[in-house]
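**Q** My questions are about this predicted structure, shown below with the sequence.
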Amino acid sequence: MSPSLIIIIVLAALALFAALFVVGIYNKLVALRNRFKTAFAQIDVHLKRRYDLIPNLVEIAKGYLKHERETLEAVVAARNTALAAAKAAAANPADAGAMKGLVGAEGGLAGAMSRLMVVVEQYPDLKASQNMMQLTEELTSTENKVSFARQSYNDAVMAYNTQREVFPSNLVAGPFSFTAAELFVIEDPVQREATKVSFT
């Protein structure tokens, strides 16, 4: 066997090894990206459920809160904004801009809902209404499901982002357009504050 043939065989073996290495990394990145997209689909299911419950809550509250029209309209507007943002994010969970839009819209909805709940507290008849109690319970249950799904999504995003940033995966991630995914983190400082309890 001639030395040039041996060099060609060695170079071909190295090229094959490098190609298999790149394919392995590429496939792992695709699997991780699909995992966080699937995790977002679970969030989307629970968000849709919550968005469906909010109009019912507003309808029940309308009968009692005749003088709180602005609060009710703010909830409906925030819900519609969040619904549109959720549709945009569901279309492509890998789009960081869509995820940031959803996080912002969810923060606005959370603020509007908390203002509504403060108003509801001022109306004992509404608070004691069977329909209101049932819807509040369903919303609370849905919120818990959203929280768990969001945690699962964030874990999947963290695994994906870590994999695309470590060497040698970062050498494959850039050329094949594996962009960073956005975490679903609520930025509202009010939601991050601990509840203050006073017994005075």
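**A** Good, I have the coordinates.
**Q** Using the three-state scheme, assign Phe178.
**A** At Phe178 the chain is in coil, as set by DSSP: H, G, I helix; E, B strand; the rest coil.
**Q** By residue count, what's the longest helix in this structure?
**A** helix 3-64 (DSSP state H).
**Q** after that one comes which helix or strand?
**A** Sequence-wise, the next helix or strand downstream of helix 3-64 (DSSP states H and E) is helix 69-91.
**Q** Now do that next one: which elements does it pack against?
**A** helix 3-64, helix 96-121 (3 or more Cβ pairs under 8 Å, 6 or more residues apart in numbering; DSSP states H and E). From N, CA and C alone the C-beta is placed, and that goes for glycine too.
**Q** buried residues in it?
**A** 71-72, 74-75, 78-79, 81-83, 85-86, 88-90 (16 or more other Cβ atoms under 10 Å).
**Q** Also stretch 143-158?
**A** Judged by neighbour count (16+ other Cβ under 10 Å), stretch 143-158 contains these buried residues: Lys145, Val146, Ala149, Arg150, Ser152, Tyr153, Asn154, Ala156, Val157.
**Q** and if you look at stretch 109-117?
**A** Neighbour-count burial for stretch 109-117 [16+ other Cβ under 10 Å]: Leu109, Ala110, Gly111, Ala112, Met113, Arg115, Leu116.
**Q** Dump it to PDB, restricted to CA.
**A** The C-alpha trace of stretch 109-117 is given here as PDB (Å, rounded to 0.1, in the frame of the first residue of the first chain):
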ATOM      1  CA  LEU A 109     -52.800  40.200  33.000                       C
ATOM      2  CA  ALA A 110     -51.600  39.300  36.500                       C
ATOM      3  CA  GLY A 111     -51.700  42.900  37.500                       C
ATOM      4  CA  ALA A 112     -55.200  43.400  36.100                       C
ATOM      5  CA  MET A 113     -56.400  40.200  37.800                       C
ATOM      6  CA  SER A 114     -54.900  41.200  41.100                       C
ATOM      7  CA  ARG A 115     -56.700  44.600  41.000                       C
ATOM      8  CA  LEU A 116     -60.000  42.700  40.200                       C
ATOM      9  CA  MET A 117     -59.400  40.400  43.200                       C
END
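**Q** can you pull the contacts of Thr136?
**A** Thr136 makes contacts with Leu57, as judged by Cβ atoms under 8 Å, 6 or more residues apart in numbering.
**Q** helix, strand or coil for it?
**A** From three-state DSSP, the assignment for Thr136 is helix.
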